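Novice: Need a 3D model of the following:
(chains A, B, C and D)
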Number of protein chains: 2
Amino acid sequence: MVRLKDIAEVCGVSVATVSRALNGLTNENRERTSFICQTAHDMGYYPNAAARTLKTSRSNNLGILYEDRMNHEYFSSLFDELRREADAHGYDLTFLGHGGNTETNYYEHARQRSLDGVIVVQADYDAAGIIRLATSSIPTVIVDHTYDGCDCVTSDNRTSMEQIVRHVHARGHQRIAFIQGEKGAVSRERLAGFYKVCAELGIRVPVEFVREGHFHNPSDSAEIIRDLMQLDDRPTCVLCPDDYSCLGALWLLEAQGIRVPEDISLVGYDGIRMSQMITPRLTTYRQDTVQIAKKVFSLITDAIDSPETHIPKQITVSGMLVEGETVR
Amino acid sequence: MVRLKDIAEVCGVSVATVSRALNGLTNENRERTSFICQTAHDMGYYPNAAARTLKTSRSNNLGILYEDRMNHEYFSSLFDELRREADAHGYDLTFLGHGGNTETNYYEHARQRSLDGVIVVQADYDAAGIIRLATSSIPTVIVDHTYDGCDCVTSDNRTSMEQIVRHVHARGHQRIAFIQGEKGAVSRERLAGFYKVCAELGIRVPVEFVREGHFHNPSDSAEIIRDLMQLDDRPTCVLCPDDYSCLGALWLLEAQGIRVPEDISLVGYDGIRMSQMITPRLTTYRQDTVQIAKKVFSLITDAIDSPETHIPKQITVSGMLVEGETVR
DNA sequence: AATATTATCGTAAACGATTCCGAATGTCAA
DNA sequence: TTGACATTCGGAATCGTTTACGATAATATT
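Specialist: Numbering: from 1, shown residues only, chains lettered A, B, ... in the order given. All right, here's what the predicted structure looks like:
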């Protein structure tokens, strides 16, 4: 391993001069600087991140927090975009695990590794470990959830749902059911949008039309939909919590002879690729993962680079309604 | 931040003693050791990874290399399992990006961060950067590809394909087409298994039955399948490179009035969850991502812990044939 | 010409942990 | 009592880098 010391000896200068030259500090002799940089490159020098971190307590490394499994496409593609942004900003991405022991202490883990910030993609937002992290001095950005006084990036859950309701209403639906995902900021926002537009449009919403389901759980959604269809006063359209569960439900229903959209209309959420590859193509709302990732980094880099002037913001990113073939 | 020095002052011992006590070194006073550990815990001590890495040149951090996008389920679930294993072994997982600059130097990046090892999940295996890494002294495990003299974990591509061919043959198919994915060790192995069993079973394979396609590319596969079906002497069954492309092809075909398996039988590969949620359920081969991850870690931990006695191995992990409804 | 100012660079002290080596103490046998 | 030996601990160097500070030389000011 080539060290600054080695370069210093070759160039006949001090270690400090080499460090300054390589870091582009001012007050340095021009030609000498370029000479040092050249020989450093020739010698195959690369800085030792551990030493640099130890001295500066900056690691150029961000933590990424994801408690669930990654295998639904919305999360994995969001993750891909975050990775791209991290690369562009010169950061590495390290997964924040439970730190070996079961008592999930994300804060300590982040401190141990001197992480410059943490991106929370998915977590149990009521858990003490997450709140500890979010309220700490470590720059933290939450995706798809909101804490007061924290940096957050969310989809426009409320207005997107408003668009969806207007869309299906425009296509003639008056009896619209709504399946929630897990309780939380996302479901709350979407439900608010749902109720708001229903009220505006004079759509009556029986209490049994609003059900509690789960994200990414197809059989659960199918069960609820079948249940809804057996009501005397049954809905003509069901809004699902996400594409994954909607797709699954669609197939489970079709296997039972229930056709979409002839017998029932369905709407998904997320806009995963597969939703547009199937027949019928899903009517859904595509989240803009590229923009979400960009916003996450604009927040976190600001928090890192100017911690004293940074004020936490909550950013909303708009997506796009995708008209498929599952709404009659 | 609490340092060893702080603990030493509180306990009235030297820094060296605290370090030894915390690391469980021998030749230490029993009760004093436990007293030190207790106060360290009470003071909220956690070690500084950067300092430790600088001194020991071990980081307890593994690199994970993935050049493509993550959004197909096989890779993302494999990744989930790797994450679980890393947690269990006390390692963190850091993504190896291109290091900011475009000239992809994974080796230097790994050295910079003092990574203890690197797991290559997907990459351009012919690129100089990967080969440089694989042939370096950094413990490296390759998944789904083989280099001579390197640690590799692959699925049983050859025998799995043999099983698949036997299966469809047992169900009466004599005219079987094969769509390859990208060129490489995986495709080569599968094709070898395909040819071998076809020969054994006396199945004639016209040259136009073996096509070059792409992994994870549904429209491409659909195109090829349609093409195959227009042959005078058309196949009755097509083996696709993976579930994702197979699913997509299936829908594209059905949209054009071609029914599966009535008009054509299809077989996928990977065994992603969605393949079993749809109608018809896919006949496919499920890769054992849990076992793959376990093997990866058994190799990499051995390479890290005993670099002198470690000899590179190539491990094959068996999966399981999943009988669905896409083979008549 | 003497002094003030600036531009450059080197010295050395950190950052927090590990670990070699030697010192101090205790134990035991002769 | 003395010497040999084991046990336990502290001192200090070290890992590679950054950076405050002072020293030096070059230039400008009067």
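Novice: and the helix or strand of chain A at the bottom of the mean pLDDT ranking, which residues are buried?
Specialist: Least confident helix or strand, chain A: helix A:243-255 with a mean of 84, by mean pLDDT, DSSP states H and E. Buried residues in helix A:243-255, counted by 16 or more other C-beta atoms under 10 Å in any protein chain shown: A:243-253. To be clear about C-beta, it is placed using only N, CA and C from the backbone, and glycine gets the same treatment.
Novice: now do stretch A:40-54
Specialist: A:40, A:45-54.
Novice: cool, stretch A:56-75 as well?
Specialist: Residues of stretch A:56-75 classed as buried: A:59-67, A:69-75 (neighbour count, 16+ other C-beta under 10 Å).
Novice: likewise stretch A:183-201?
Specialist: A:184-187, A:189-191, A:193-195, A:197-198.
Novice: which ones are touching A:Thr309?
Specialist: Going by C-beta atoms under 8 Å, 6 or more residues apart in numbering or on different chains, A:Thr309 touches no other residue.
Novice: For it, give its distance to chain B.
Specialist: As judged by C-beta to the nearest C-beta, to the nearest Å, A:Thr309 and chain B stand 24 Å apart.
Novice: which phi and psi does that residue have?
Specialist: Phi and psi for A:Thr309, reported as degrees, to the nearest 10, are phi -90, psi -10.
Novice: quick one: what helix or strand has the nearest residue to A:Cys11 once chain neighbours are set aside in it?
Specialist: Excluding its sequence neighbours, the residue lying closest to A:Cys11 (C-beta to C-beta, 6 or more residues apart in numbering or on different chains) is A:Ile36, at 5.3 Å. Per DSSP states H and E: A:Ile36 is located in helix A:30-42.
Novice: is that helix up against DNA strand C anywhere?
Specialist: Yes. Contact of helix A:30-42 with DNA strand C (C-beta under 7 Å from any atom of the strand) involves A:30, A:32-33.
Novice: list the helices and strands that helix packs on?
Specialist: Packing partners of helix A:30-42 (3 or more C-beta pairs under 8 Å, 6 or more residues apart in numbering or on different chains; DSSP states H and E): helix A:4-11, helix A:15-22.
Novice: The first one packs against which elements?
Specialist: Other helices and strands packing on helix A:4-11, by 3+ C-beta pairs under 8 Å, 6+ apart, are helix A:15-22, helix A:30-42.
Novice: Where does pLDDT dip in the stretch 1-150 of chain A?
Specialist: A:26-29, A:98-104 (pLDDT under 70).
Novice: ok, now with 90
Specialist: A:1, A:23-34, A:66-77, A:80, A:96-105, A:122-129 (pLDDT under 90).
Novice: Please list the residues of it that sit near DNA strand C.
Specialist: A:12-17, A:27-30, A:32-33, A:51, A:54-55.
Novice: Restricted to buried residues, select these in ChimeraX.
Specialist: Only the buried members of those enter the following ChimeraX selection, criterion being 16+ other C-beta under 10 Å:
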select /A:13,17,33,51,54
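Novice: Among the residues of the stretch 1-150 of chain A next to DNA strand C, which pair sits farthest apart?
Specialist: Using C-beta to C-beta, these span at most 30.6 Å, a distance reached by A:Arg30 and A:Leu54.
Novice: follow-up on the earlier one: quick one: mark the members of the buried residues of stretch A:56-75 that sit in helices.
Specialist: A:73-75 (DSSP state H).
Novice: all strands for chain A, in order.
Specialist: Using DSSP state E, the strands of chain A run over residues A:61-66, A:92-95, A:117-122, A:140-143, A:151-155, A:176-180, A:210-212, A:237-239, A:265-267, A:284-286, A:314-317, A:320-322.
Novice: between those strands, which gets nearest to B:Thr326?
Specialist: That would be strand A:265-267 among the strands of chain A, by C-beta to C-beta, at 23.7 Å.
Novice: mind checking how far the closest one is from the chain centre?
Specialist: How far strand A:265-267 lies from its chain's middle: 25 Å, per C-alpha atoms, centre = their mean, to the nearest Å.
Novice: and it with chain B, contact?
Specialist: No. Counting by C-beta under 8 Å from any C-beta of the partner chain, chain B has no neighbours in strand A:265-267; the shortest distance is 14.8 Å.
Novice: Distance-wise, check A:Asp233 relative to A:Val205.
Specialist: Going from A:Asp233 to A:Val205 by C-beta to C-beta, to the nearest Å gives 12 Å.
Novice: For these two, work out which one has more neighbours and name it.
Specialist: A:Val205 (16 against 9; other C-beta atoms under 10 Å in any protein chain shown).
Novice: OK, contacts around that one?
Specialist: The neighbours of A:Val205, taking C-beta under 8 Å, 6+ apart as the test, are A:176, A:178, A:194-195, A:198.
Novice: ok, 7 Å please
Specialist: A:195, A:198 (C-beta atoms under 7 Å, 6 or more residues apart in numbering or on different chains).
Novice: Same question for A:Arg58.
Specialist: So A:Arg58 contacts A:Asp116 (C-beta under 7 Å, 6+ apart).
Novice: So what does it look like in phi/psi?
Specialist: phi -130, psi 140.
Novice: how close does it get to DNA strand D?
Specialist: 9 Å (C-beta to the nearest atom of the strand, to the nearest Å).
Novice: Please apply the same query to A:Phe35.
Specialist: For A:Phe35, the distance to DNA strand D - C-beta to the nearest atom of the strand - is 17 Å.
Novice: Near that residue, how many other residues are there?
Specialist: Neighbour number of A:Phe35 under other C-beta under 10 Å is 14.
Novice: Who are the contact partners of the spatially closest residue to it that is not a sequence neighbour?
Specialist: Nearest residue to A:Phe35, sequence neighbours excluded (C-beta to C-beta, 6+ apart): A:Cys11, at 6.7 Å. For A:Cys11, the contact set (C-beta under 7 Å, 6+ apart) comprises A:18, A:35-36, A:39.
Novice: let's see it at 8 Å
Specialist: A:17-18, A:32, A:35-36, A:39.
Novice: Make TSV from these and add distance to A:Ala128 to it.
Specialist: Output for the contacts of A:Cys11, formatted as TSV (distance: C-beta to C-beta, whole Å):
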residue	distance to A:Ala128
A:Thr17	49
A:Val18	46
A:Arg32	54
A:Phe35	55
A:Ile36	50
A:Thr39	52
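Novice: If we only consider the residues you listed, which is nearest to A:Ser219?
Specialist: Using C-beta to C-beta, A:Val18 comes nearest to A:Ser219 of the contacts of A:Cys11, at 62.8 Å.
Novice: Next, work out how far apart A:Glu67 and A:Gly97 are.
Specialist: Counting by C-beta to C-beta, the separation of A:Glu67 from A:Gly97 is 10 Å.
Novice: First-to-last residue distance for stretch A:296-312?
Specialist: Terminal residues of stretch A:296-312 are spaced 12 Å apart (C-alpha to C-alpha, to the nearest Å).
Novice: and that stretch with DNA strand D, contact?
Specialist: No. Stretch A:296-312 is not in contact with DNA strand D by C-beta under 7 Å from any atom of the strand; minimum separation 13.8 Å.
Novice: what's the offset of that stretch from the middle of its chain?
Specialist: Using C-alpha atoms, centre = their mean, the offset of stretch A:296-312 from its chain centre is 18 Å.
Novice: buried set for that stretch?
Specialist: In stretch A:296-312, counting by 16+ other C-beta under 10 Å, buried: A:296-304, A:310, A:312.
Novice: and what of stretch A:110-130?
Specialist: Buried residues in stretch A:110-130, counted by 16+ other C-beta under 10 Å: A:110-123, A:125, A:129-130.
Novice: for A:Asp156, phi and psi?
Specialist: Taking degrees, to the nearest 10, you get phi -80, psi 60 for the backbone angles of A:Asp156.
Novice: Quick one: residues contacting it.
Specialist: For A:Asp156, the residues meeting the contact criterion (C-beta under 8 Å, 6+ apart) are A:316-319.
Novice: Name the nearest of these relative to A:Leu82.
Specialist: A:Val317 (13.4 Å).
Novice: I'd assumed A:Thr159 was in contact with the closest one.
Specialist: No. The pair A:Val317 and A:Thr159 does not pass the contact test of C-beta atoms under 8 Å, sitting 11.0 Å apart.
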